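In: mind looking at a prediction? Sequence and model below.
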Amino acid sequence: MDSEPNLLVRACNQLGQFLQHRETNLRYLALESMCLLATSEFSHDAVKKHQDTVINALKTERDVSVRQRAVDLLYAMCDKSNSEEIVSEMLSYLETADYSIREEMVLKVAILAEKYASDYT
């Protein structure tokens, strides 16, 4: 999947536009595809540009499956530079999260918090 860096970035930008589409299935597919792109060194930064949109989808999306994909994408796009914000947003959302995604969210928050911890006190 890392064969054509420019194509991956362009695909990510197009998928970012789909995140704001009114069709739920299209938003779901965009999030799922961006999860795959987040694993590529060439498109990871392009995926991170859509962090605010993904956080907004997590907070406002009515469909729980789309919210689950938003959690998956936040987890996949997380790195040292944005870990504090992503973990904070996921923790604040956890209070109102649907029961069907809470357990997985807690696990992902714990993994990210441990992986990117900077203050152990």
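Out: Received it, and whenever you're ready, just let me know what you need.
In: mind listing what's buried in the helix or strand bottoming out on mean pLDDT in the chain?
Out: Using mean pLDDT, DSSP states H and E, helix 5-18 stands out as the lowest-scoring helix or strand of the chain, at a mean of 92. Buried positions in helix 5-18, judged by neighbour count with 16 or more other Cβ atoms under 10 Å: 8-9, 11-12, 15-16, 18. Where you see a C-beta, it was placed from the backbone N, CA and C, and this is true even at glycine.
In: the next helix or strand along the chain from that helix - what's its average pLDDT?
Out: Remark: after helix 5-18, the chain's next helix or strand is helix 24-37, criterion DSSP states H and E. The predicted model assigns helix 24-37 a mean pLDDT of 97.
In: now do the helices in this structure.
Out: 5-18, 24-37, 44-48, 51-60, 64-77, 83-94, 99-115 (DSSP state H).
In: so for the last one, what gets flagged as buried?
Out: Yep, that's helix 99-115 we're talking about. 101, 105, 108-109, 112.
In: for the second one, same thing?
Out: Of the residues in helix 24-37, those with enough neighbours to count as buried (16+ other Cβ under 10 Å) are 27-31, 33-37.
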